[in-house]
Every structure is written in structure tokens, then in C-alpha cells.
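# Would you be able to build a 3D model of this:
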Amino acid sequence: MTAPEINNPRSWKGRALAGDWAVSLKLDGVRAIWGEEGWVSRANKPLHNLPPWRDGQPRDCEVFVNNFRDTIRATRTKCLKRDTPPITRQHLYGLAPLDPRLHWGTLTNPTAANIRAMLGRANALNYEGIVLRQGDQWIKVKPTETHDVLITSVSEGTGKHRGRLGFVTTARGAVGAGFTDSEREILWAEANAGRLVGQVIEVTCMQLTDHGNFRHPVFIRMRPDKLIDGTT
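Got it, this is the predicted structure:
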């Protein structure tokens, strides 16, 4: 048995779209793909406690159990514990083909305002976002938050980023995405000169965790106009 071909949606760029788009609700869960080794994540890491795949069931699913935290606990716990949330077939939502529970109508030639309005309605119902589908083209639309945070430490990169900035650490967690190669080189030189720690950066993220840490943070820009406490 070979693994199904996975469609990874691209992020919406905030622009109007042309044509007819099917709208599906986006759960804040864990992507699960059934292959020769059983259920695995997109990173090919094993997922546990899921019911085995059976004929007629989608092999590309989103697992969602109550909330993101419970879903992670349920799928990453190798040996069941008394408080491990159970996963039933009802917790598996097909992405290809799409589970009818996630289908949410269509949009034709949607403007940016149309898309944001649809996203707002989905968020109000506690969904993570929406996915716009036009054939094999999928576009994910999620809310983002922007935060100004202080750099508390820096780390050198590995692999192709060796000798330049890998990531910075802040009070809300590490930030390693969003830097261009040029920015990594410039900021690493600043770090080696002792001038990067203590500076403020602007970071966008999907949201904050219950503990106040970033989820999916992306570096936007340096904020030399901000003081240490984040005020202008």
C-alpha cells in the first residue's frame, strides 16, 4: 500500500480571487496520513491510538479531539494512560475526499472582504480558519496576531544556515521562520558584536498558546522604534 498524494495548501495572500471556490472549515487538529507504516503525520512521524484505516475511508484526514491540546495528547501518547482522550472514527475528518461535516458552501470571485467575513464567521464558531478549494488548488485562510517582543538570546543556524542566524529566543518562545538569508547574515553579525540581544522584533503568529507562547511564529521586521517594554 502506498501513501496517498498529499495536497499542502498555500497561505492566502490577502487578495481577491477569481472563479468559483469551495469553502471548507479548518479544524485545529493534526493531519494524519495512512500509509504502509500506519497513520503518520505530514512529517512522517507515527501517530498513535487512531482507529485503523478501512476500505472506503479517506487516507488523508484531520484528527480533532475536543481541542488542539487534547488532540496532541491523544495522537502522541504511545501507551494509553487513564486520562488519554480516546480517538474514534468520528474524530477523523476526511480532507480528500472532503468530509461533508467540513463543507461550508462556495464563493464566486470573492473579494478580500468576502474572504475575511467568511473567516470571521468560522472563527466565531471556534474553527481555526477556512480552506478555499478550486480543483487541486487549496488556499488556507487563518487569523494572525502581531506582537512586539524582546530578543533574549540568539542561536547559530545549522546546515545551510551555519555561520549565520538560526533563530532568536523571546519570552514567548523561539522564532526561526521569516528571516531572509541576507537578514540572517546581518543579524548574526549584530549578535556577534553583542548588539542583537535586547532589541525588539515584530512577530506574527497564528495565536498564542494557553501559556502565552507563540504558535507558528514568523519574523516580520526589526523594531528599532520600540523600547524594551514594547512602547513607542
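
# can we go C-alpha only for contacts and neighbour counts from here?
Noted.

# Check the secondary structure at residue 74 for me.
In terms of secondary structure, residue 74 is helix; the call rests on DSSP: H, G, I helix; E, B strand; the rest coil.

# Kindly provide the distance from it to residue 82.
11 Å (Cα to Cα, to the nearest Å).

# between these two, which one's more packed in?
Ranked by neighbour count (other Cα atoms under 10 Å), residue 74 and residue 82 place residue 74 first, with 24 against 6.

# In terms of secondary structure, what does the helix or strand of the chain with the lowest mean pLDDT contact?
Across the helices and strands of the chain, mean confidence by mean pLDDT, DSSP states H and E is lowest for strand 207-208: a mean of 80. Using 3 or more Cα pairs under 8 Å, 6 or more residues apart in numbering; DSSP states H and E, the elements in contact with strand 207-208 are strand 214-215.

# partner strands of the strand it packs on, parallel or antiparallel?
Within its sheet, strand 214-215 is paired with strand 207-208 (antiparallel), according to DSSP bridges.

# Can you give the distance of the strand it pairs with from its chain's centre?
Strand 207-208 sits 11 Å away from the centroid of its parent chain (Cα atoms, centre = their mean, to the nearest Å).

# In this structure residue 92 contacts residue 63, no?
Yes - under the criterion of Cα atoms under 8 Å, residue 92 is in contact with residue 63, at a separation of 4.8 Å.

# Specify the local secondary structure of the closest residue to residue 50 other than its chain neighbours.
What sits nearest to residue 50 in space, not counting adjacent residues and going by Cα to Cα, 6 or more residues apart in numbering, is residue 87, at 5.8 Å. Secondary structure assignment for residue 87 (three-state DSSP): coil.

# now do residue 115
Under three-state DSSP, residue 115 comes out as helix.

# Then the one 4 residues further on?
Judged by three-state DSSP, the three-state class of residue 119 is helix.

# that older thread, ok, residues contacting the least confident helix or strand of the chain?
143, 144, 145, 214, 215, 216 (Cα atoms under 8 Å, 6 or more residues apart in numbering).

# Stretch 173-184 too?
For stretch 173-184, the surrounding residues in contact (Cα under 8 Å, 6+ apart) are 161, 164-169, 213-214, 217-220.

# returning to what we had before: ok, so of the contacts of strand 207-208, who is nearest residue 68?
residue 215 (11.4 Å; Cα to Cα).

# Tell me which residue lies farthest from the centre of the protein.
No residue in the chain sits farther from the centre than residue 193, which is 33.7 Å out by Cα atoms, centre = their mean.
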